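> Below is the sequence, then the predicted model.
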Amino acid sequence: MSMFLGPLDAACRVPPRQQTRVAAFLLSCHGAMARQLALAVSWQKNPAGHAELNAQLFHETEIVALLLRATSWTPDPELLFLLPTWETSWLPRPSEAIADQTQGMTIDIVALGHAVHSVIRPAALLPLETAAQDPFALALRRIEFESGRMMQAQIMFLKSADLLPLRQAVTAAVEGRHLQVRKLWQEMLAAIGVDRCTSQ
């Protein structure tokens, strides 16, 4: 087990098998975020909330498009079993403690987004000797940079005054999504020889 992807090939690039597995996981969670945000935008009545969710939607869509182009794909039969598990994990799960189901769904979407963007640090997987201009490495660094910016908006929403009466339910939603994302991310990495359990 290593803390980083690799061993790198002769051109100092991440092996295609690892690229494929990492990209497939990221496409699954960011794709799910894009789908759910598209729905949330349609039911959001607050103009400021609508604008922010719309911005998050386009950031998620950009991440998906970037990964599709930048990854050196290779056949990975195990994804036939892994993808259904991942996709099921991202399904909405609004808290029963929140009476307004639309609000509960929005909180869950933002909680999932916060977990995805704070728990998953893809650029930290790259060894120092990774080729600086490798498309996959550039994509992981870009995703991590965007994640930092998106988290700020998610934190502002989750800690907003409007949600003060629901603080306990919001906290539970965030903590639950963090545990879920961390477990799936670490399991996926362990399957390709990467152990980040002690570094996150």
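Perfect, I can see it now.
> Give me the contact list for the helix or strand of the chain with the lowest mean pLDDT.
Ranked by mean pLDDT, DSSP states H and E, the weakest helix or strand in the chain is helix 47-70, scoring a mean of 92. Helix 47-70 is contacted by residues 23, 26-27, 30-31, 33-34, 37-38, 40-41, 44, 106, 113, 135-136, 138-139, 142-143, 146, 149-150, 153-154, 157 when judged by C-beta atoms under 8 Å, 6 or more residues apart in numbering. In this view, the C-beta of every residue, glycine as well, is placed from N, C-alpha and C.
> List the contacts of His142.
Careful, residue 142 is Arg and not His. Arg142 makes contact with Leu66, according to C-beta under 8 Å, 6+ apart.
> measure it to Ala191 for me?
25 Å (C-beta to C-beta, to the nearest Å).
> Repeat that for Pro92.
For Pro92, the distance to Ala191 - C-beta to C-beta - is 27 Å.
> And the longest helix along the chain, what does it pack against?
Longest helix in the chain, counting residues (DSSP state H): helix 16-43. Under the contact definition 3 or more C-beta pairs under 8 Å, 6 or more residues apart in numbering; DSSP states H and E, helix 16-43 sits against helix 47-70, helix 79-89, helix 101-119, helix 135-158, helix 167-191.
> rewinding a little: what remains of the contacts of helix 47-70 if I keep only buried residues?
Among the contacts of helix 47-70, those buried by neighbour count (16 or more other C-beta atoms under 10 Å) are 23, 26-27, 30-31, 33-34, 37, 40-41, 44, 106, 113, 136, 138-139, 142-143, 146, 150, 153-154, 157.
> ranking the helices and strands packed on helix 16-43 by burial, who's on top?
Mean neighbour count, computed with mean count of other C-beta atoms under 10 Å, is highest for helix 101-119 among those, reaching a mean of 22.
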